[in-house]
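Q: sharing a model prediction with you, sequence too.
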Amino acid sequence: MSPEDKFKEIYLELNNLYEEFKNVDYLRLGTIGLAKIRREILRLLKEYLKLTISIQQGKVNENSLKNTNCYFYAINAPIPTNFKLVYERLMHTHFGYDVGELSGSSQAFEKPLTESTLLDRINGDLDFLEIKSYPSTLTSNNSHNGYKIATLINKENCDFHFLKQDESGLWHHKRGYKGNIEMLGNITNIDDILKNDLCQKYEYVTTLELVKPLKR
């Protein structure tokens, strides 16, 4: 089965799951029932994302990233609307989009959050998605035909933030799960990042060049 056919199959499964549970009274499912459903929709989401990233061609549709947070936005991991709806309907909260969620290491961060812990979880997610990453800087050229993300950290609040550079060299970020996608413009140093009111709450960690897997 080709990646495209498998993608259609997984997307259909997500839609079927949404149709099955969109009107279910979650209180009747109980804790065990909810946990089972959560595992299933997370399994489908992971397969969906892995296939989506492997067959992405050309520029990513930014509209497909509106259901995400700053992290999933930066790594170009779109969330299907039906997944969002069924998850929020059953769990009464939005999906966490935490660093480490895809690789299974998203348990709560210990305070204070360290740079090494954050980077380990980022690398775990990228490995799962088969995305290669290379150390980079804010101003260097992309030497692997990829694109750059910048990682920020708030150690005491166990929080993170991510920026993404587009093809023209301008930087963007998403202001959390419910926030807008904003253009930050040209960034040449850390001070340029910290001019933004949201980014001021974080410390700069590193810049990575991401290279998506080749279409198979």
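A: Looks like it came in fine. In this text the structure is predicted, and so the values were computed from the model without any measurement.
Q: quick check: residue 140 vs residue 164, distance?
A: Counting by C-beta to C-beta, to the nearest Å, the gap between residue 140 and residue 164 amounts to 16 Å. From N, CA and C alone the C-beta is placed, and that goes for glycine too.
Q: the two - which one has more neighbours?
A: More neighbours surround residue 164 than the other of residue 140 and residue 164, with 23 against 11 (other C-beta atoms under 10 Å).
Q: my guess is that one contacts residue 170, does it?
A: No - in this structure residue 164 lies outside contact range of residue 170 using C-beta atoms under 8 Å: 9.8 Å.
Q: residue contacts, the residue nearest the centre of the chain?
A: For the chain, the residue whose C-alpha lies nearest the mean C-alpha position (C-alpha atoms, centre = their mean) is residue 72; its distance is 1.6 Å. With contacts defined as C-beta atoms under 8 Å, 6 or more residues apart in numbering, the neighbours of residue 72 are 65, 78, 79, 97.
Q: which residue is the nearest non-sequential neighbour of the first one?
A: Closest residue to residue 65 in three dimensions, ignoring its sequence neighbours and counting by C-beta to C-beta, 6 or more residues apart in numbering: residue 73, at 4.8 Å.
Q: any idea how far residue 120 is from that neighbour?
A: With distances defined as C-beta to C-beta, the gap from residue 73 to residue 120 amounts to 21 Å.
Q: what about the two, which has more around it?
A: Relative neighbour count places residue 73 above the other of residue 73 and residue 120, with 28 against 14, counting by other C-beta under 10 Å.
Q: part of a strand, is that one?
A: No - using DSSP: H, G, I helix; E, B strand; the rest coil, the secondary structure at residue 73 is helix, not a strand.
Q: and the gap between it and residue 141?
A: Between residue 73 and residue 141 the computed distance is 23 Å (C-beta to C-beta).
Q: and residue 210, by the same measure?
A: Computed with C-beta to C-beta, the distance linking residue 210 and residue 141 is 15 Å.
Q: how about the strands in this structure?
A: 132-136, 147-154, 159-165, 171-174, 181-185, 203-211 (DSSP state E).
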